[in-house]
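Novice: okay, predicted coordinates and the sequence, questions at the end:
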Amino acid sequence: MAQPFPYTYYACDCYDSNGTSSTKRASQLLREAEEDERTFDPRSPRANYSLYPLEHLLYCEDCQQVRCPRCIIEETLNWYCPSCLFEVPSSVVKSDGNRCTRSCFSCPLCTSPMQTFSLDTTGESAPPFILECQYCRWSTLEIGIEFEKGQGIAAQLARLGNGGKHIPTNKERDKERERRKEIEGRKARDVLSPSTESTNTDADRDDEPPSHDDLFSNLTAFYKSQVDAQTPSNPFSSHDINFSSPSAYSRIMNLYSTTGSKKNKRSKPSAMREAASSLEGLTLHDPANEAAAIERIKKEGWGVTLSPAQKHAQINPNVRFVDQLRPLATLLCTKRSKRCRSCRQILTKPESKMTSTRYKIKLLALNHIPRLSIRALNATPPIPVASRPADSFDYNALKPGMPSHFLLHLSNPLFDPIKVTLATPSTTPGRVQSRVTILCPQFDVGANTDIWDDALSSSLSPMRRGSQLPDQAPQIEAGKIWDRGRNWTSVAVEIVPGFTDAVGSDGQNELEEDEDVLEIPIFVRIEYETDAGADERGLGDSRGSKGEQEKREEAFWTVVGVGRIKG
Amino acid sequence: MSTSGERKVSASLGRSVRGAAPRLADLASTPEAPRTPTLGRSVSSLFGSPGGSFRTDDDYVVIEVGARFVRAGFPGESTPRCTLAFDPDNQRRVGDYRQWDPECAQKRSNPNKGQDWGQEFELYRMDLSRVDLGVVEDKFERVMRDVYNKYFVLDTKPRRILLALPPKMPHPLMSTLLDVLFGGVQAPSITLMSSPVLSTVAAGLRSALVVDIGWAETLVTAVCEYREVHEQRTVRAGKLLSEEMAKVLNAALDEHVGYQEGDDISFEEAEEVLSRVGWCKSKPRSNRRTLYFPARTSPILEEFEDAVETPEPTMTIPLPKASPPSEITVPFATLAKPADNALFATETALNEFDDHELPLHHLIYRALLFLPMDVRRLCMSRIVITGGVSALPGLKSRILAELEALVQAKGWDPVRNYGTASARHEQILRQQRDARELRRQEGDDTITEPLDPDSPLPAGLRGHEEDSIDAKLAHVALRNGPPPASLAGGIVRGVETLGPWAGASLVAQQRIRGIVEIDRERYLQHGLQGASKEKEVSVVPQRQSMGPGVVRGAGERASWTLGVWA
Ligand SMILES: [Zn+2]
Ligand SMILES: [Zn+2]
Ligand SMILES: [Zn+2]
Ligand SMILES: [Zn+2]
């Protein structure tokens, strides 16, 4: 299940308020106008992208708005391998492919971490070494790879193809290509001699077909040579400068606009052409490859093939069989600071030290907006929220048509008392319509005064302290709150879960996934007066000074997951 | 048939190679001028505009957006850093971890009612009447965040984007994607390139007939000198194929013991079976039906292929998510049926198809037919089959073989009904066909056969019986011009491509700037409406005033255009 019931999601409305959309602007404004009237529908496909648990949200004090992962900008501070915790300097992150270059790998079959083992039977850690999956026991032996050293596996693997073949470096590739071109050229010059074997196929026959990387490298070299041939040689300029010459760009692909083409004729006749051999990256279709693949699937069956997920995880996803797998070097993780997208204010900044999990700055939404939660009002005395698992109420079996009472609990993290207005549609959106009545939609919540004790755990167990206040047991009464404590208030809500079988009447009998989940959209508006300068001075100081008072207002949608209807 | 001799044609090719004006006039005089706007809105404007800076290739990232996958990486690398799929699991709410819940992982996920097959696995569809662009934006935004934060993890330096898109994406959809890239990712500029052109680049070619067998449709694009000159579409593609696979598997399940009513194959299962053990018979079976001539030689190959192997090979497919988990065993041949039905529609007569549901080989043939003779000659020898489905083993061979059969049967005369002349015409064709047949039987086993017996193959592909004059000419050509292999034409030939993403990577690495380059500030101000309505914005005067080598760093352009997407 998504989250255990009951839960609360908060909506960040950035998805329709960001200013980037240009074409939709007019239509969007219209829509926004409508939306003010409209109820947030937790079942709409877009809702999944704007709803977050409170803990995932940040808060920008400058904009006085909640910030979700979508309306922030992230900046990488440092890179490290989550497996060996080695910090990687930013200069090599990109060239290393953003992966660990030591010995951290995950299994290409099941993604579990792999370990280096010695195959040496004498018990000493001597070569050969292999990588083996801790979970499914897949090892590099299955692709014919053993290592000479137990360290620096990544570097060794980069040079070892499956089956133990040597993988050429780029330089070696270039050399080999030149050598072969030389041979080809010589053969081509003898084209009149009677013993003409078709030139390129002959060269290719030497060994197996070029790999994806070979071909890419050949294409790169080919296009480069084409560009070079195009650019009048200038002894004082490096390759780079020649490339950046605009006339070279336009001629690389011989793509003149019709207007420009005539003038360009002045340059020497271009020899722009297509690749002519596999050394230039040309590969003709060979039915034999496909036939061999079919034959192998037929003979060896399901087990030798790869699942789509396994393929996509590979560096080269164009693979089909298990013996083409490569161990996956661990992706690096980063420490990032986060900024508000609209005002660039830093919202979180972790300590840069690798081992530290602390933050220098962390502006969490849960310190700035009230926490709303719901729970069943039982006949049994109220149970502290913290001990929910012991709750006897079965949130997974709400009875359709049976009115039952729940408590909406709102706790205030602010140092000022707030005025709260809750609004909810009387029936929930969607096909399963439940009736909802908040008995007291307007109420006050006290300030979070006891900063030093409670700022970090304000919602943990307020109920116990709160229940000391009223003398007699609370009553369910319209317009009256249920209970209140230092910085929290709870109100009763009556819910009549809808009938899931009523859905069948409209022709589609089956419930969709989660359609039986009772979720209530609740619009929360808070108003309060605060010391205008408090934010700048930080949390601790806010009480001491009596500056100018400023009225503030915030409003947002929440979605409360009550439970699953069963009946 | 129509190709009137190798030499003449290669002369005209040579002209275009030397940078003569694109022969758009020729194209426009095609018997049936293509109705697509591609032609008028020449793609020549696609590249070719200098005037900006390619300081280092670090400045770029390369992104390919398809209907079901996003590929993203860096220029000069042979493969993308990540290939991310859209599926329901990555579309859940934050904090919803049910995909990790072992209990849920065991269950088949049933698609929501009222949704098309696999709709939850799509980013977009071209038919905007059935797309919520807001959801497209949400999905794309989330996946791009993943790309940048998990796979790129770059520093904060702004990076331009080279974006590979299918041609003619509807503007609202394009705006949605661009909104995310300019807004969410904050790219300073985005260069658009069309995937067929990039596939051509990644095949080492300049002209090609690119057959992109994608998810919702197959797109056949004729590319000539990097310009898209014609295109054809059909719905016979991945989606239909996977539905057919589900049908085949459900039929097998029906007979399976312990099968429960309604416990059908899920989308994921059909996809997995297709990508693991699906295949395609590589020899055409449809010849007898589609050829005009009841075959003189009832092809021996076919009978050979159809011969039943004993015991009949089978495939056992595990279905761990069925309740109870089980496995089914089907004849291996069954797994080739979906391709037959979905892509070649072997059971249906040609005249029963709507225009948008032509079988692949007919679609390709029709696209070639539309082309002017010399372009067709180039394109038919550069058939580049790409797209997700093209990995199905046997499919490429099959398409090429079917096409070859069609070409041999019909030639290139766009008139299908010859009336009284028909008999004579058929007789000519039959004679040519017989002649070829004869040569084939005599042991000329080159894979690619010349369409016209008179047109010599290029030296690189030639068999033994070439005449010496051709050899001499080839020799001369070798010394003075491009290698003959790069001039191949007039035969049905398949060329492999590394795909659009690799093409984009090559283009960005070679620092070729495109004309469809959208500047962030301008886009945010005007959106796509800011694009110049002129089909070709000439930046040439600018360039010439500055001269080569000076323009580096000069960024601003007077205006921009949408090229093929206009
Ligand atoms: Zn947000
Ligand atoms: Zn590591
Ligand atoms: Zn494993
Ligand atoms: Zn802000």
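Specialist: All right, it came through fine. Ligands and ions are numbered 1, 2, ... in the order given.
Novice: element containing the residue in chain B that ligand 1 sits nearest to?
Specialist: Per Cβ to the ion, residue B:141 is where chain B lies closest to ligand 1, at 10.5 Å. Heads up, the C-betas are built off the backbone N, CA and C, glycines and all. Following DSSP states H and E, one finds residue B:141 within helix B:133-146.
Novice: show me what that helix is packed up against.
Specialist: Applying 3 or more Cβ pairs under 8 Å, 6 or more residues apart in numbering or on different chains; DSSP states H and E, one finds that helix B:133-146 contacts helix A:47-50, strand B:69-73, strand B:82-85, helix B:171-179.
Novice: is chain A contacted by the longest one?
Specialist: What it means is helix B:171-179. Yes: Helix B:171-179 comes into contact with chain A (Cβ under 8 Å from any Cβ of the partner chain), by way of B:171, B:172, B:175, B:179.
Novice: show me what that helix is packed up against.
Specialist: helix B:133-146, strand B:160-165.
Novice: ranking those by burial, who's on top?
Specialist: Across the helices and strands packed on helix B:171-179, averaging neighbours per residue (mean count of other Cβ atoms under 10 Å in any protein chain shown) puts strand B:160-165 on top, at a mean of 24.
Novice: measure the closest residue to ligand 2 within the stretch 251-400 of chain A to ligand 4 for me?
Specialist: Per Cβ to the ion, residue A:330 is where the stretch 251-400 of chain A lies closest to ligand 2, at 5.3 Å. Distance of residue A:330 to ligand 4, given as Cβ to the ion, to the nearest Å: 35 Å.
Novice: show me the contacts for that residue.
Specialist: Counting by Cβ atoms under 8 Å, 6 or more residues apart in numbering or on different chains, residue A:330 touches A:81, A:82, A:83, A:99, A:100, A:104, A:105, A:106, A:113.
Novice: ok, the first one - how many residues close by?
Specialist: Read it as residue A:81. By other Cβ atoms under 10 Å in any protein chain shown, the residues close to residue A:81 number 20.
Novice: surely it and residue A:98 touch.
Specialist: No: the criterion here is Cβ atoms under 8 Å, and residue A:81 misses it with residue A:98 at 10.4 Å.
Novice: quick one: low-confidence parts of the stretch 451-566 of chain B?
Specialist: B:451-486, B:513-515, B:532-560, B:566 (pLDDT under 70).
Novice: 50 instead?
Specialist: Within the stretch 451-566 of chain B, the stretches with pLDDT under 50 are B:451-467, B:534-558.
Novice: near ligand 1, which residues of it? Just list them.
Specialist: The stretch 451-566 of chain B comes close to ligand 1 at no residue, as judged by Cβ under 5 Å from the ion.
Novice: for ligand 3, what is the nearest residue in the stretch 451-566 of chain B?
Specialist: Ranked by Cβ to the ion, the top residue of the stretch 451-566 of chain B for proximity to ligand 3 is residue B:501, at 27.9 Å.
Novice: now for that residue: which residues touch it?
Specialist: Going by Cβ under 8 Å, 6+ apart, residue B:501 touches B:62, B:64, B:71, B:73, B:79, B:80, B:164, B:198.
Novice: is stretch A:302-309 anywhere near ligand 3?
Specialist: No: using Cβ under 5 Å from the ion, stretch A:302-309 stays clear of ligand 3, coming no nearer than 12.9 Å.
Novice: where does the stretch 51-200 of chain B have low pLDDT?
Specialist: If you take pLDDT under 50 as the line, the stretch 51-200 of chain B has these spans: B:51-57.
Novice: let me see the contact set for residue A:326.
Specialist: Going by Cβ under 8 Å, 6+ apart, residue A:326 touches A:108, A:143, A:157, A:162, A:314, A:315, A:316.
Novice: separation between it and ligand 3?
Specialist: Distance of residue A:326 to ligand 3, computed by Cβ to the ion: 13 Å.
Novice: residue contacts, the residue in chain B that ligand 2 sits nearest to?
Specialist: Taking Cβ to the ion, ligand 2 has its nearest neighbour within chain B at residue B:153, 14.6 Å off. Residue B:153 is in contact with A:76, A:79, A:93, A:98, A:332, A:334, counting by Cβ under 8 Å, 6+ apart.
Novice: hmm, try it at 6 Å
Specialist: Neighbouring residues of residue B:153 by Cβ atoms under 6 Å, 6 or more residues apart in numbering or on different chains: A:76, A:98, A:334.
Novice: picking up where we left off before, now render the residues of helix B:171-179 next to chain A as TSV, adding distance to residue A:439 and neighbour count.
Specialist: Listed next are those as TSV, based on distance: Cβ to Cβ, whole Å; neighbours: other Cβ atoms under 10 Å in any protein chain shown:
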residue	distance to residue A:439	neighbour count
B:171	50	18
B:172	45	15
B:175	46	22
B:179	43	23
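Novice: out of those residues, who's nearest residue B:145?
Specialist: Nearest to residue B:145, judged by Cβ to Cβ, of these is residue B:179 at 14.0 Å.
Novice: sorry, back to before: give me the common contacts of residue A:81 and residue A:98.
Specialist: Joint contacts of residue A:81 and residue A:98 (Cβ under 6 Å, 6+ apart) are residue A:332.
Novice: any idea how far residue A:492 is from residue A:374?
Specialist: 11 Å (Cβ to Cβ, to the nearest Å).
Novice: give me the neighbour count for residue 74.
Specialist: You didn't pick a chain, so chain A it is. 17.
Novice: please go with chain B instead
Specialist: By the criterion of other Cβ under 10 Å, residue B:74 has 22 neighbours.
Novice: equivalent analysis for residue A:355, please.
Specialist: 6.
Novice: secondary structure class for it?
Specialist: coil (DSSP: H, G, I helix; E, B strand; the rest coil).
Novice: what's the burial count for the nearest residue to it once chain neighbours are set aside?
Specialist: Residue nearest to residue A:355 in three dimensions, not counting chain neighbours: residue A:85, with 7.7 Å by Cβ to Cβ, 6 or more residues apart in numbering or on different chains. If you count neighbours by other Cβ under 10 Å, residue A:85 ends up with 11.
Novice: for the one 10 residues further on, same thing?
Specialist: Here the count is done by other Cβ under 10 Å, and residue A:95 has 9 residues near it.
Novice: can you mark which positions in the helix or strand harbouring residue A:422 are buried?
Specialist: Using DSSP H and E, residue A:422 falls within strand A:418-423. Within strand A:418-423, the residues that count as buried by 16 or more other Cβ atoms under 10 Å in any protein chain shown are A:418, A:420, A:422.
Novice: now for that strand, which elements pack on it?
Specialist: With contacts taken as 3 or more Cβ pairs under 6 Å, 6 or more residues apart in numbering or on different chains; DSSP states H and E, strand A:418-423 sits against strand A:442-445, strand A:517-531.
Novice: which one of these lies nearest to chain B?
Specialist: Chain B sits nearest to strand A:517-531 of all these, at 10.9 Å, using Cβ to the nearest Cβ.
Novice: stretch A:364-383 vs ligand 1: in contact?
Specialist: No: Stretch A:364-383 stays clear of ligand 1 (Cβ under 5 Å from the ion), getting no nearer than 10.4 Å.
Novice: if we can go back for a sec, grab the nearest non-local neighbour of the residue of chain B closest to ligand 2.
Specialist: Closest residue in space to residue B:153, ignoring its immediate chain neighbours: residue A:334 at 5.1 Å, by Cβ to Cβ, 6+ apart.
Novice: neighbours around the one you found, how many?
Specialist: Residue A:334 has 21 nearby residues by other Cβ under 10 Å.
Novice: how much space between it and residue B:144?
Specialist: Relative to residue B:144, and taking Cβ to Cβ, residue A:334 is found at 17 Å.
Novice: same check, this time on residue A:106
Specialist: Using Cβ to Cβ, residue A:106 is found at 24 Å from residue B:144.
Novice: ok, residue B:77 - contacts?
Specialist: residue B:505.
Novice: that one: what secondary structure?
Specialist: Put simply, residue B:77 is coil when judged by three-state DSSP.
Novice: so the residue nearest to the spatial centre of chain A is in which element?
Specialist: What sits nearest the mean C-alpha location of chain A, by Cα atoms, centre = their mean, is residue A:69, with 9.5 Å. Secondary structure from DSSP H and E places residue A:69 outside every helix and strand.
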